[in-house]
Each structure stands twice: as structure tokens, then as C-alpha cells.
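Undergrad: no sequence on this one, just coordinates:
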């Protein structure tokens, strides 16, 4: 991740129709993702969707890159595009990019066992910074 910031992240929801083929995709794309500084920060298999564009969404994850340019290089990489065509496209029937965002700088990721979990993670300044980025109205 970039030292001055926390990096660029994408929140993605999928409808995976073929979990075995999707596992092959993840295995094949992992070294390419790592070569661009990317990683999966969170990865969930979803049992029930309460609300969403596609109620069949069964996989949700965040992809994190050092910056937006690294993300763009990854998705443009011919090796990745080939892996995607061979493994991802037959396995996944719907893809939704739920959000893209800049992560807070690592300096706001504080651990304080006496604070609620959200404040432990982000600290007071980080919580204010996060709140500024959300439209809750």
C-alpha cells in the first residue's frame, strides 16, 4: 500500500454459478493480482441476501490495490484477461461493483481494546474522516 494512504479498494458482489470453476479462476489470478500489489482484504460466501441488485449474489469481497493506477494495470494485464476469459466468465453469471473508495491512511487504524470495535479500528480522527465520506441522508 502507498505509505501516505491506505490504498484503493473495490467492494464487489458476484453470482457464482460454478464454484469449482470460480476456485480455479481465483487460483490462476492470484499471482497476477499480487504482481500488481493487489490482494483480497475481505472475502465472504453469502448464505442469504436481504437486499441487492441481484438477490442471487453469493460472493462478496474487497479487492485492495496500492492505488487506482495499480487497479487499472491489473485489469488491463493480458495475463489476467486470459485467465478471466477461461475461468471467470463461465463461472460467474452476474458481477456488481458495489463501490470503489480510497482506504483511510494506515495511521488511523489504531488498536485500543477499551474502545468499541469501529473506534478501535479507525480512531476518532478516522471515524470523522469516514463519516465525511458517507451520504446517510
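TA: Yep, that arrived. Computed from a predicted structure; not experimentally measured.
Undergrad: could you give the average pLDDT over stretch 82-97?
TA: Across stretch 82-97, pLDDT averages out at 97.
Undergrad: in terms of helices and strands, where is the residue sitting nearest the centre point of the chain?
TA: For the chain, the residue sitting closest to the mean C-alpha position, by C-alpha atoms, centre = their mean, is residue 62 at 1.4 Å. Assessed by DSSP states H and E, residue 62 sits inside strand 59-65.
Undergrad: tell me what that strand is packed against?
TA: In this structure, strand 59-65 packs against strand 8-16, strand 39-45, helix 68-76, with contacts taken as 3 or more C-beta pairs under 8 Å, 6 or more residues apart in numbering; DSSP states H and E. Every residue, glycine included, has its C-beta placed from N, CA and C.
Undergrad: list the neighbouring strands of the first one plus their orientation.
TA: Sheet pairing here is set by DSSP bridges, and for strand 8-16 it gives strand 59-65 (antiparallel), strand 92-102 (antiparallel).
Undergrad: among those, which is the most enclosed?
TA: strand 59-65 (a mean of 20; mean count of other C-beta atoms under 10 Å).
Undergrad: contacting residues around that strand?
TA: Contacts with strand 59-65, where a contact means C-beta atoms under 8 Å, 6 or more residues apart in numbering, come from 1, 7-16, 22, 33, 36-46, 71, 74, 98, 103.
Undergrad: residue 105 against residue 7, yeah?
TA: No - at 9.6 Å, residue 105 does not count as touching residue 7 under the criterion of C-beta atoms under 8 Å.
Undergrad: compare those two (neighbour count), which wins?
TA: residue 7 (23 against 17; other C-beta atoms under 10 Å).
Undergrad: phi and psi next, for that one.
TA: Backbone geometry at residue 7, expressed as degrees, to the nearest 10, gives phi 110, psi -180.
Undergrad: the contacts of strand 59-65, buried ones only, as a PyMOL selection?
TA: Buried residues within these, by 16 or more other C-beta atoms under 10 Å, are selected in PyMOL with:
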select buried, resi 1+7+8+9+10+11+12+13+14+15+16+22+33+36+37+38+46+71+74+103
